[in-house]
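**Student:** Next input, structure requested:
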Amino acid sequence: MSDYGTPPPPPPGPESSYGQMPQMSQGGSAQAAAVRPPAMDQAVMLMKVGAGLSLLGLLLALLSRGTIRDAVEKASQSSATPMSQSQIDAAVTAGVAFGIVAGLIGVALWLWMASANGKGKSWARIVATVFFAISVLSFLASLIQAQPLLTRLLAVVQVLLGAYIIFLIYKKESSEFYRAASAPRA
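**Tutor:** Numbering: from 1, shown residues only. Next up is the predicted model:
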């Protein structure tokens, strides 16, 4: 008996799964609450690293203005109708702006997925998987485009990071965590 006249909760038995832990509710009865396993802790931390890499990509877009200009000028010279200097300037500005916007969206999506998956939201694991598939397709499409070496290396690291995160969030202990977190509360 505890000091308040209610018995302590029973210890977890062999039927409890990894992702659940008994917890006292206000009425004194035990209910299951999801406990995030180490694989999910690592996945959430790596999603935050992914946000940092997206931020780095944004900075690279700002710093690669000259490389973008060279690529636009080269494309303009080889086209049937070369671009004017103002058109080249506009294309360079649009390229840098696209890089900045894509970087900001990337940071926001990584952080959103870290938060939602860290809470065990089943839908978030599906969304993260879809985002990963899109990132792989985007990476493959980018291979035919001229890019600075740092940008290409960053893209490779992000795809590998995403693949490892997908592995982590589909591990057995992670699946049990998602199940426990989305189970109806008693």
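
**Student:** Tell me the gap between the longest helix belonging to the chain and the middle of its chain.
**Tutor:** Scanning the chain for the longest helix, with DSSP state H as the assignment, gives helix 85-118. Computed by CA atoms, centre = their mean, to the nearest Å, the chain-centroid distance of helix 85-118 equals 15 Å.

**Student:** Please apply the same query to stretch 81-99.
**Tutor:** Using CA atoms, centre = their mean, the offset of stretch 81-99 from its chain centre is 31 Å.

**Student:** One more: stretch 147-167?
**Tutor:** 12 Å.

**Student:** Use 59 as the first number for this chain going forward.
**Tutor:** Okay, using 59 as the starting number, the last item reads as stretch 205-225.

**Student:** Identify all contacting residues around that stretch.
**Tutor:** 101, 104-105, 107-108, 111-112, 114-115, 118, 122, 125, 186-187, 189-190, 193-194, 197, 200 (CB atoms under 8 Å, 6 or more residues apart in numbering). Every C-beta, even on glycine, is put in place using the N, C-alpha and C of the backbone.

**Student:** Identify those among the residues you listed that sit within helices.
**Tutor:** Using DSSP H, the contacts of stretch 205-225 in helices are 101, 104-105, 107-108, 111-112, 114-115, 118, 125, 186-187, 189-190, 193-194, 197, 200.

**Student:** What subset of those residues is buried?
**Tutor:** Neighbour counting over the ones in helices among the contacts of stretch 205-225 (16 or more other CB atoms under 10 Å) leaves 101, 104-105, 108, 111-112, 114-115, 118, 125, 186, 189-190, 193 as the buried ones.

**Student:** With respect to per-residue confidence, which of the residues you listed is lowest?
**Tutor:** Across those, the bottom pLDDT score, 81, is held by Thr125.

**Student:** Nearest spatial neighbour of that residue, chain-adjacent residues omitted?
**Tutor:** Excluding the flanking residues, the one nearest Thr125 by CB to CB, 6 or more residues apart in numbering is Pro206, at 4.9 Å.

**Student:** For the one you found, grab the count of nearby residues.
**Tutor:** 17 (other CB atoms under 10 Å).

**Student:** Kindly report the same for Ile224.
**Tutor:** 16.

**Student:** Look up the pLDDT of it for me, please.
**Tutor:** Value listed for Ile224 in the pLDDT field: 98.

**Student:** From Gln135, how far off is it?
**Tutor:** 42 Å (CB to CB, to the nearest Å).

**Student:** Do you know the pLDDT at Val154?
**Tutor:** 86.
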